[in-house]
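# The amino acid sequence is not available; the structure is as follows:
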């Protein structure tokens with residue numbers, strides 16, 4: 001897989017984990033996200049966490065170093081992250097929110113994240129994140 005594929009999958013895993021338990025904060029290590037991931041993939045997941053925090057989609061504190069065994073605690077979606085996950089892009093209008101779609105996809109098993117449908121949901125999710133970061137607002141329907 002490419003770095004972008006790892007980013008998409010990592011973002012989906014992270015967002016699903018946080019959306020499912022929101023508003024409670026959680027604690028986890030990157031290696032807990034995907035038991036089948038390679039070391040390179042896990043490093044990309046670490047960078048994905050860093051990106052999501054830097055762009056203020058999540059909040060977290062770090063215990064330890066900056067690798068796949070780093071403990072992230074008090075991890076929670078921000079208002080901005082929740083807004084993206086509760087959004088329904090116009091092309092998906094009438095379907096569940098992105099948060100529900102990503103959560104359902106992750107719960108169906110990690111192997112399903114590699115399917116074309118999963119890739120499309122991840123691309124839409126990432127596109128919405130980038131749009132929100134760049135413009136500070138969305139052109140989406142809120143659920």
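That came in fine, so what should we check first? Computed from a predicted model, the values in this text were never measured in an experiment. Numbers count the residues shown, from 1 in each chain.

# Flag the shaky bits of this structure, pLDDT-wise.
Counting by pLDDT under 70, the chain contains low-confidence ranges at 64-67, 87-99, 102, 105-125, 128-143.

# repeat that with 80
Segments of the chain classed as low confidence (criterion: pLDDT under 80) are 1, 63-69, 84-143.

# can you map out the helices along the protein?
Shown for the chain, the helices assigned by DSSP state H span residues 3-21, 39-54, 79-85, 98-107, 116-135.

# Would you mark the buried spots in the shortest one?
Think helix 79-85. Using 16 or more other CB atoms under 10 Å as the burial criterion, the residues of helix 79-85 that qualify are 80-85. Where you see a C-beta, it was placed from the backbone N, CA and C, and this is true even at glycine.

# what's the distance between residue 68 and residue 103?
Residue 68 is 23 Å from residue 103, where distance means CB to CB, to the nearest Å.

# For residue 43, state which of the buried residues of helix 79-85 is nearest.
The shortest separation between residue 43 and any of the buried residues of helix 79-85 is 22.2 Å, and it belongs to residue 81 (by CB to CB).

# Would you check how far apart residue 39 and residue 33 are?
Remark: distance between residue 39 and residue 33 (CB to CB) = 13 Å.
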